[in-house]
Structure formats: C-alpha cells, structure tokens
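Q: Sequence plus the predicted model coming up.
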Amino acid sequence: MQTTEGPTPHPNIEDWINSLVVINITNWSTLSPGPSKYQKDLTRDALKNSGCPTDIVEDLLLKSYLFNWPDHFKKRTPKGFKMNFNIKHLIYRRIPGVPVVYVAHIGNEAVPKPGILLIFDRLE
C-alpha cells in the first residue's frame, strides 16, 4: 500500500531546522510583502514536504505577511509597511522547492516563536 502523505514531520523545530540549508540573501527586491493564495499553497506543501512540524505550519503562513512581522522588522510608511534593515542580519534557512526562507527563533533572538517565513517571487 502506497501513501501520498509526504515525509514524517520532525518532532520539533530544532530537528527540522537542522535539516534545512542556511543561505545568504543578497537580492531583497523579490520579497513578497503579502503572498498570494497560490504562493501560500505552494509554501504549505513545501513546508509539509520539508518535514516542518505540523503544529506550526499555519502560524508560519500567517507570519509570512510583512504586516504580521514583529514591529522591529518593519516600519510604517504612507503606503503601508516597509521592511526594516534589522531583518537583513538574521539566519535564513531555505525551504526546498520554493523561493521561501524560514527565520527561526533559535539563533535569532529578536524573532518570536515559532519564527517567520519570507516568501519571495524568486530567490537567486
């Protein structure tokens, strides 16, 4: 009997982040401040396929919107919110198969649990 459920989720965030590759981001111009439904659906599937603990998936997707980031990572502008320079100094882990990175609270003291997602139109 064959299953299509995907890999078994890691039991905790620590185990999961150890399975992800750390990357540097040099081009921030393709960051999506408010990902589309399509981007969120692709990200949800990629999180599941990466072994992300299932209990944090929806919270991470909610925190993929710049509006929902902690205040010290964004600043208000007349047209809404804009990314703050502080976010460029964090440790980023690539989610395989999509242009998405995870910023864990582990190793990034300024990031609240369970972390935040940055969804890009493309990563170079």
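A: Okay, I see it. Residues are numbered from 1 along each chain as shown.

Q: Can you check which helix is longest in the protein?
A: Determined from DSSP state H, the single longest helix within the chain is helix 37-50.

Q: what comes up buried for it?
A: Within helix 37-50, the residues that count as buried by 16 or more other C-beta atoms under 10 Å are Gln39, Lys40, Leu42, Thr43, Arg44, Ala46, Leu47, Ser50. Every residue, glycine included, has its C-beta placed from N, CA and C.

Q: what about Ser29, how many neighbours?
A: 8 (other C-beta atoms under 10 Å).

Q: Then Leu60?
A: Close neighbours of Leu60, defined as other C-beta under 10 Å, add up to 21.

Q: Give me the residues contacting stretch 78-92.
A: Outside stretch 78-92, the residues that touch it by C-beta atoms under 8 Å, 6 or more residues apart in numbering are 22-25, 28, 31, 33, 66-67, 69, 72-76, 101-104, 107-108, 110-111, 118.

Q: what pLDDT, on average, does it get?
A: Average pLDDT, stretch 78-92: 79.

Q: what about dumping the CA coordinates of that stretch to PDB?
A: The C-alpha trace of stretch 78-92 is given here as PDB (Å, rounded to 0.1, in the frame of the first residue of the first chain):
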ATOM      1  CA  PRO A  78       2.500  56.400   3.900                       C
ATOM      2  CA  LYS A  79       1.800  53.400   1.700                       C
ATOM      3  CA  GLY A  80       1.700  50.800   4.400                       C
ATOM      4  CA  PHE A  81       4.700  48.900   5.800                       C
ATOM      5  CA  LYS A  82       8.300  48.500   4.600                       C
ATOM      6  CA  MET A  83      11.000  46.100   5.600                       C
ATOM      7  CA  ASN A  84      13.400  47.400   8.200                       C
ATOM      8  CA  PHE A  85      17.200  47.000   7.800                       C
ATOM      9  CA  ASN A  86      17.300  44.800  11.000                       C
ATOM     10  CA  ILE A  87      15.800  41.800   9.300                       C
ATOM     11  CA  LYS A  88      18.800  41.600   6.900                       C
ATOM     12  CA  HIS A  89      21.000  40.400   9.800                       C
ATOM     13  CA  LEU A  90      19.300  37.100  10.700                       C
ATOM     14  CA  ILE A  91      20.000  33.500   9.900                       C
ATOM     15  CA  TYR A  92      17.900  32.200   7.000                       C
END
